[in-house]
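Student: Sequence plus predicted model, see below.
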Amino acid sequence: MVIQRQTAKKVRILEITKGQWLKGEGAMDPSFVKTPSGEMVSRARIMANIVGKFVAEDGMFASVTLDDSTDTIRAKTFKTAKPIDQAEVGDRVDLIGKVREWNDELYIIPESIVKITDPNLELLRRAEILARFKSPQPAGGNGEAKADAAAPAKGEKEELRKKVLEFIESGKDGVAFTDIMQNVKAAEEELEAVINELLSEGICYEPTPGKIRKI
């Protein structure tokens, strides 16, 4: 059985902090947060301001506090300070990471942090989240979206898959997920689907959260 990498869902912090933590039994049964609207979120994508930061002297732990005006949540790294070391208090960032829970605290293990300077991106994110609430949610135990009717044709998908794989191979130690998004021209949903396929088929793996490498 392959391990399915969950899609990062664009959410507000309040949806996570007010959600219900549902712990899975292991890699084959991942954990989720069930949001107040009923969505199941394992990987989250949050746009927020960094209002606090801590990095241990030995670089083996780091955390930032994120505030998107609905609530605050911490993103934490263990055994490394990356990618938190790239962010500073006051930055507006787009963060992708896995939702985790410890001692009744829901937090994020960040895979990537990108600084946002274009205010239009903030408006777009708000519109995307509002549209999500206006649209009926797809059925399914883990809240996965159904296949998009506008998904690329088979030939286009194979070409995109080839480009993604070539870019991944260009990095000796693997490439960051955000680098793929920035360098391979395609819709985010299409890139996410291709990367998930490569991971589930065992062609690629994640040596560290947010980094993809070919086996």
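Tutor: Received the coordinates, thanks. Numbers count the residues shown, from 1 in each chain.
Student: mind listing what L106 touches?
Tutor: L106 sits next to 16-17, 19, 21, 33, 73, 99-100 when contact means C-beta atoms under 8 Å, 6 or more residues apart in numbering. All C-beta atoms are positioned from the backbone trio N, CA, C, and that covers glycine.
Student: okay if I get the residues you listed as a markdown table plus secondary structure and pLDDT?
Tutor: Formatted as a markdown table, those follow (DSSP: H, G, I helix; E, B strand; the rest coil; pLDDT from 0 to 100):
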| residue | secondary structure | pLDDT |
| --- | --- | --- |
| I16 | helix | 95 |
| T17 | helix | 94 |
| G19 | coil | 92 |
| W21 | strand | 94 |
| V33 | strand | 93 |
| I73 | strand | 97 |
| V99 | strand | 94 |
| R100 | strand | 94 |
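Student: Now the residues you listed in CSV, please, with extra columns for neighbour count and distance to R213.
Tutor: Listed next are the contacts of L106 as CSV, based on neighbours: other C-beta atoms under 10 Å; distance: C-beta to C-beta, whole Å:
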residue, neighbour count, distance to R213
I16, 22, 28
T17, 16, 33
G19, 21, 32
W21, 15, 30
V33, 23, 28
I73, 24, 29
V99, 23, 23
R100, 15, 23
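Student: Would you mind checking which of these is nearest to T80?
Tutor: Lowest distance from T80 to those (C-beta to C-beta) belongs to R100, with 15.4 Å.
Student: Would you state the helices of the chain in chain order?
Tutor: Here the chain has its helices, by DSSP state H, at 13-17, 119-134, 154-169, 177-183, 188-200.
Student: okay, the fourth one in CSV with CA atoms only?
Tutor: Taking C-alpha atoms only, helix 177-183 is exported to CSV below (Å, rounded to 0.1, in the frame of the first residue of the first chain):
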residue,chain,number,x,y,z
PHE,A,177,8.5,22.3,-3.1
THR,A,178,8.3,26.0,-3.5
ASP,A,179,11.1,26.0,-6.0
ILE,A,180,9.1,23.6,-8.2
MET,A,181,6.1,25.9,-7.9
GLN,A,182,8.2,28.9,-9.0
ASN,A,183,10.2,27.3,-11.8
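Student: which residues does N49 form a beta bridge with?
Tutor: With DSSP bridges as the criterion, N49 is bridged to D67, R92.
Student: hang on, R45 packs against D94?
Tutor: Yes: using C-beta atoms under 8 Å, R45 is in contact with D94, at 6.9 Å.
Student: Tell me who's in contact with A127.
Tutor: No residues are in contact with A127 under the rule C-beta under 8 Å, 6+ apart.
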